[in-house]
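*Asks:* What would the 3D arrangement of this be:
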Amino acid sequence: MSNSDRPAKDGPKDQALTTLVYSEQVATLYRLAPFTLVMSVVAATFTWGILDWTIDAVALGGWLLAHHAVILARYLVLRAYARARPAPEAARRWARRFVAGTVATGLVWGLIGTAFRPPEGHALAGVAVVIIVTVGAAGLFTLGQLFTAYCGLVLPLLTPALVALMLSGGAAERSYGIVVGVFLVVAIGNARRGARSFADAIRLRLELARTAEEREQARAAAEAASRAKSQFLANMSHEIRTPMNGIVGMAELIASSRLDDRQRRYIEALHHSAESLIDIVNDILDLSKIEAGRLELAAADFDLRASVAEVIELLRVRAEEKGLALELSFADDVPRHVRADPIRLRQVITNLVGNAIKFSERGSVHVSVARGPSAPAPTLRFEVADSGIGMTPEQSGRIFEAFTQGDASHTRKYGGTGLGLAISRELVELMGGEIGVTTALGIGSTFWFTAAVERAIECDAAEAAALPEPLAPLSGHVLLVEDNELNRVVARGMLEALGLTVSVVADGRDAVREVFLRRYDLVLMDCQMPGLDGFEATQRIRARESATRAPGRATIIALTANAAAGDRERCIAAGMDDYLSKPLHMADLHATAGRWLRQPDSTVPPAVRLPAPCALTSAPASVAVPCATDLAAVDESALDRLRAMQRPGQPDVVTAVVGTFVNRSAALFESLREAIAGNDTAVARRAAHSLKSNCLYVGANNLAALFKRAERAAGDGDLATLGRLATEIAPALSTLRTRLAHTRRCVAPLRSTTAGIAALPGGAEHAL
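*Replies:* Sure, this is the predicted structure:
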């Protein structure tokens, strides 16, 4: 390989690249060679036809045969190369074979300029010179990709003729020699430059490809590192928040006991510090999810004014402690109900208002909401104006960067991680808006942001004032097959409120046995149960009915939380007669059961009147539309639906359901976490499925949506997503249990809940 066949500089790191460049040069020669061989055959035949009557015909015929033999040998080498498909490291060996072929070709053609050149003075004497120069010129285009290959042709082709012409005595011959010499020098120079340019072009292309590959590898490595970091932060957050929630809870319990002033100050400081640490951990986790692209918005219809007002009320105590006036105003044209992500919207508002209070020592903080630009989508504009310390232009330019505050002294004086505004910027951009600030040092700041929203269907209480028709009572004995104890409590209460007698079993095997021990007018069969599920239990019942030819046929209605396309068909195919999706609603249960049961006699309790539906939330008209503002929010209409099941003289249904949820949800969630830790997606899916249904019954719709995602992730075997969801759910579930435990609507103390459930008709052995 000559210097012209490689780049000027080849360091050790470029050796592999140089090998690839040389390999492509050789591959190009072999790719172009078939055409040049054909043209060489044509040219040789033409030359033989011109010179055969001036030269010894036998000798010239021998030359033609020799030429064709060389071409045939080169063709065989080309075929061998194509079959071998050699690696780049073998390019030098194949290059030598190719160059040997060009040398042989050059020697054969060189005879035209020496041994077979017509004598001086002959009319065709100059034709031989033209022929060999033409062959040399053609070779420049077909062999110029590799300098040694071209030299292998042109030197044996022209050098003998050049020497012979220059040594001849005739002036014309020497003139031909000068022409051949000049051409030889020019051709070699051009071949050197062409080969180098061709190699440089290949090198550049390969370097670009290598750079692109390295960039892709770096991107993949960065994404893997980001995923690993996000997973680590999620795990760390979970591990930190679990004991921190315990600390906060214990601090609240201690604070509710008898303490002297000093002890109370200590406990309050402990509680405040623990909550601050939880806030920091939450911020870091949010930032990590945003960076990994895993933070998703969950749009919902909610009361915008009530939601923002709730944020202001939560922060008002902090403002009043500093002597600040905290004000809120809405423009007249701002819609009351909108569709957006209420949780993330509240998070941004909380960050901005919290910062305004933190950095203001006097004056006021004013929050205003108005309509924003309507293109490309309708938006709302939120502004938070304070009379605080303000910022310089330099500080305001970097305030939305992570881990940044106005200056280092702010961090020392006011505290904080500097993550709130960075997270707010990312959330606002996810919501299709922008965020910014106008500020002046020593005067104050006005932070603003926009968010894309849709107008929700507003719920007018006056339009929903009319109550629906009462449900007619039903009569019959129903077997309820349900493994989830909260579902058992709710379904049993609904069935008994409709006037039905209810027996309860908790698994498929007991259901099969019970169906053949006594006659039931209706069987409500849960589809998803551990061990023997509802589908297999139904198939066994149908098989046994066919085998024994028992009189009558059990009427089986499927109960499933998977209201997806095809579920009804699957239930019918398993031998079930009808289908109900969970969570159960009294009207649906009445309509479905009523299709299969006889009408009652006069001793059945009076008809049940259901709460009126609402266009927005299906809540009764007398109940305010709930604001879906946090994961632990409770839709009061769900509790009102439970109250509709209340029967005179019976234990309170809401107390029973809420008590069961509070007592069992923690154990179910712990089962979910243990399943995740043990990579047991089947158990995790069942636990998430149960928790989803339980949350829906107590009105925790936002949390139920997360459990539904967790159930789907478990079904897909996605443990990473499942772990992140469990981390996000843990504090919300703890908050929900606390809220329900202290709800004023639980008419009996929670310590009496289990006894209340056991006192339901049928006894504890059926209810639980």
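*Asks:* Do I have it right that Leu740 meets Gly699?
*Replies:* No. At 9.3 Å, Leu740 and Gly699 do not qualify as touching, with contact defined as Cβ atoms under 8 Å. Just so you know, the C-beta spots here come from the backbone N, C-alpha and C atoms, and that holds for glycine as well.
*Asks:* Need the overlap of contacts for the two.
*Replies:* Between them, Leu740 and Gly699 have Val634 as joint contacts when contacts are counted by Cβ atoms under 8 Å, 6 or more residues apart in numbering.
*Asks:* tally of neighbours for Gln650?
*Replies:* Residues lying near Gln650 (other Cβ atoms under 10 Å) number 16.
*Asks:* That one and Ile71: what is the separation?
*Replies:* In this structure, Gln650 and Ile71 are separated by 106 Å, where distance is defined by Cβ to Cβ, to the nearest Å.
*Asks:* Pull the contacting residues for Leu65.
*Replies:* Residues in contact with Leu65 (Cβ under 8 Å, 6+ apart): none are found.
*Asks:* That one sits in which helix or strand?
*Replies:* Using DSSP states H and E, the element containing Leu65 is helix 57-84.
*Asks:* distance between that helix and the chain's centre?
*Replies:* Once both centres are worked out by Cα atoms, centre = their mean, to the nearest Å, helix 57-84 turns out to sit 62 Å from its chain's centre.
*Asks:* Repeat that for stretch 316-328.
*Replies:* Relative to where its chain is centred, stretch 316-328 has its mean C-alpha point 41 Å off (Cα atoms, centre = their mean).
*Asks:* Now it: buried residues?
*Replies:* Arg316, Ala319, Leu324, Leu326, Leu328 (16 or more other Cβ atoms under 10 Å).
*Asks:* Start and end of that stretch, how far apart?
*Replies:* Stretch 316-328 has its terminal residues 11 Å apart, counting by Cα to Cα, to the nearest Å.
*Asks:* Give me the residues contacting that stretch.
*Replies:* 308-309, 312, 315, 353-354, 357, 360-369.
*Asks:* which secondary structure elements does the lengthiest helix in the chain contact?
*Replies:* Here the longest helix in the chain is taken by residue count, with DSSP state H as the criterion, and it is helix 171-255. When contacts are defined as 3 or more Cβ pairs under 8 Å, 6 or more residues apart in numbering; DSSP states H and E, helix 171-255 packs onto helix 15-51, helix 125-143, helix 147-167, helix 261-291, helix 719-741.
*Asks:* and the next element down the chain from the fourth one?
*Replies:* Per DSSP H and E, helix 261-291 leads on to strand 300-303 as the next helix or strand towards the C-terminus.
*Asks:* ok so, going back, got the angle for the longest helix of the chain vs helix 719-741?
*Replies:* Relative orientation of helix 171-255 versus helix 719-741 (axes from the mean of the first three to the mean of the last three Cα atoms, to 10 degrees): 20 degrees.
*Asks:* Just the strands from the stretch 551-700 of the chain, written as ranges.
*Replies:* Under the criterion DSSP state E, counting those that start in this stretch, strands of the stretch 551-700 of the chain are mapped to 556-560, 578-581.
*Asks:* from the chain's centre, how far out does the first one sit?
*Replies:* In other words, strand 556-560. From the chain centre to the centre of strand 556-560 is a distance of 35 Å (Cα atoms, centre = their mean).
*Asks:* Quickly run through the sheet partners of it, with directions.
*Replies:* strand 522-526 (parallel), strand 578-581 (parallel) (DSSP bridges).
*Asks:* Tell me which residues are up against that strand.
*Replies:* With Cβ under 8 Å, 6+ apart as the test, strand 556-560 has contacts from 481-482, 487, 491, 522-528, 534, 538, 541, 567, 571, 574-582, 584, 592-593, 596.
*Asks:* Quick one, which of these are buried?
*Replies:* Looks like those have 481-482, 487, 491, 522-528, 534, 538, 541, 567, 571, 574-582, 584, 592-593, 596 buried, using 16+ other Cβ under 10 Å.
*Asks:* and the gap between Ala104 and Ile399?
*Replies:* Ala104 is 77 Å from Ile399, by Cβ to Cβ.
*Asks:* Dig out what His337 forms beta bridges with.
*Replies:* Note on His337: beta-bridge partners by DSSP bridges are Asp303.
*Asks:* any idea how far Ser307 is from it?
*Replies:* Between His337 and Ser307 the distance is 10 Å, computed by Cβ to Cβ.
*Asks:* next one: Arg492
*Replies:* In terms of Cβ to Cβ, Arg492 sits 36 Å off from Ser307.
*Asks:* Below-threshold pLDDT in the stretch 501-650 of the chain: ranges please.
*Replies:* In the predicted model, the stretch 501-650 of the chain carries pLDDT under 70 at residues 550, 561-567, 598-630, 648-649.
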